[in-house]
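Trainee: Based on what follows, work out the 3D shape:
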Amino acid sequence: MEKELLHKFFAGAATLEEKEAIMHWMESDPGNKQFLLKERKLYNAVLLHGEDKQVQQQAGRQQYFLRRGVARFLRVAAMIVVAFGLGYFWQSEKTEGPIAMQTISVPAGQCVNVTLPDGSNIWLNAQTTIQYPVSFNKENRQVKLDGEAYFDVAKDSKRPFIVNTKECSVEVLGTKFNIDAYSSRDKFETVLMEGSVKVSMLDDPTQAVSLKPNNKVYRSNGKLLTQKVSNYERYRWKEGLICFVDEPFKVVMEDFEKFYGLTIVVNNQKVTQYLYTGKFKQTDGVDYALSLLQKNIHFTYQRDRENHIVYIN
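Mentor: You can find the predicted model right below:
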């Protein structure tokens, strides 16, 4: 296999026929897989030279974790910056098998812009992980998400785009929507900006909702419910803004932990009785954000900078 074609493949510029040829070549001989992985490492090293990165071995795969300290907004080609390995993906029984997998894990305080192999554009919020195959199959385009992401999906009427979260599945053909599905928070919410989506429960596919623009679907007590959306401020996080309208203090602090990479301990339970509305630039920092909140309700706070902990008193 020519290196020039492999480099074209890594950059996401290969045609469908070229991708299929590479996948067939890779699967025909274990030695070809090793050669491709080696060439991929060299390709990454050239393109990412000078970037702040940390490589970790996990579950037999390589994963690149974008660390704090690099630019908060990074536009990366998904074929370049993320992990590369071999694993099993969400396929039907007919097509399940070992295929090349990619993973992006975004740490607290970061936001990443990614272009997938099909041309779909995705923004990943802090503490978000996404997995997808190096090349989508002919039947669909499946990804797995844990966290929050904004999707601008490339249209393909023959291959639906499917996002699998811990409890729900979102299926589209081409549209713009936001998914908030952090498994650590036991939350699922999808807001549709453009197009149409179908949301279903993984453990009960009969529970499904077709969503229209300016609406959202969320999970409550094991049920999928819908609601009109009139204010999109909450979803401007990809612009570097932290916005909330009538949110409980607990939710606001969870967002601060996510955006600023801190642990927040709330000792003053009185503050949990109120709803908060506000808008901050993430770059203003947590001290500025907390000082604005103090204008609405009395509380004090202490920072343990060494351990990255904030105590609300």
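Trainee: quick check: domain ranges of this structure?
Mentor: By the assignment in the TED database, the chain contains the domains 1-30, 101-232, 240-312.
Trainee: Please identify the most buried of those.
Mentor: Of all the domains of the chain, domain 101-232 has the most neighbours on average by mean count of other Cβ atoms under 10 Å, namely a mean of 18. C-betas here are computed from N, CA, C, even on glycine.
Trainee: Doesn't L42 belong to a helix?
Mentor: Yes: judged by DSSP: H, G, I helix; E, B strand; the rest coil, L42 forms part of a helix.
Trainee: Just give me the neighbour total for it.
Mentor: Neighbour count of L42, defined by other Cβ atoms under 10 Å: 12.
Trainee: hang on, the earlier thing: the domains of the chain into CSV, with extra columns for distance to E39 and mean pLDDT?
Mentor: Putting the domains of the chain into CSV (distance: least, Cβ to Cβ, whole Å; pLDDT from 0 to 100) gives the following:
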stretch, distance to E39, mean pLDDT
domain 1-30, 5, 77
domain 101-232, 13, 90
domain 240-312, 34, 89
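Trainee: Would you format these as a markdown table with distance to L37 included?
Mentor: Output for these, formatted as a markdown table (distance: least, Cβ to Cβ, whole Å):
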| stretch | distance to L37 |
| --- | --- |
| domain 1-30 | 9 |
| domain 101-232 | 11 |
| domain 240-312 | 32 |
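Trainee: need the contact list for the residue nearest to I309 when sequence neighbours are not counted.
Mentor: Nearest non-adjacent residue to I309, counting by Cβ to Cβ, 6 or more residues apart in numbering: T263, 4.8 Å away. Taking Cβ atoms under 8 Å, 6 or more residues apart in numbering, we find T263 in contact with E257, N307, H308, I309, V310.
Trainee: Closest to D146 out of those?
Mentor: Checking the contacts of T263 against D146 by Cβ to Cβ gives E257 as the nearest, at 16.2 Å.
Trainee: Which helix or strand contains the closest one?
Mentor: Here E257, judged by DSSP states H and E, is contained in helix 249-260.
Trainee: Just the C-alpha atoms of the helix or strand following that helix, please, in CSV.
Mentor: As assigned by DSSP H and E, the chain's next helix or strand after helix 249-260 is strand 263-266. Extracted in CSV, the C-alpha atoms of strand 263-266 (Å, rounded to 0.1, in the frame of the first residue of the first chain):
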residue,chain,number,x,y,z
THR,A,263,-14.0,20.4,42.5
ILE,A,264,-16.7,22.5,44.2
VAL,A,265,-17.8,21.6,47.8
VAL,A,266,-21.0,23.4,48.9
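Trainee: Neighbouring strands - and their directions - for strand 263-266?
Mentor: Paired with strand 263-266 in the same sheet, following DSSP bridges, are strand 309-312 (parallel).
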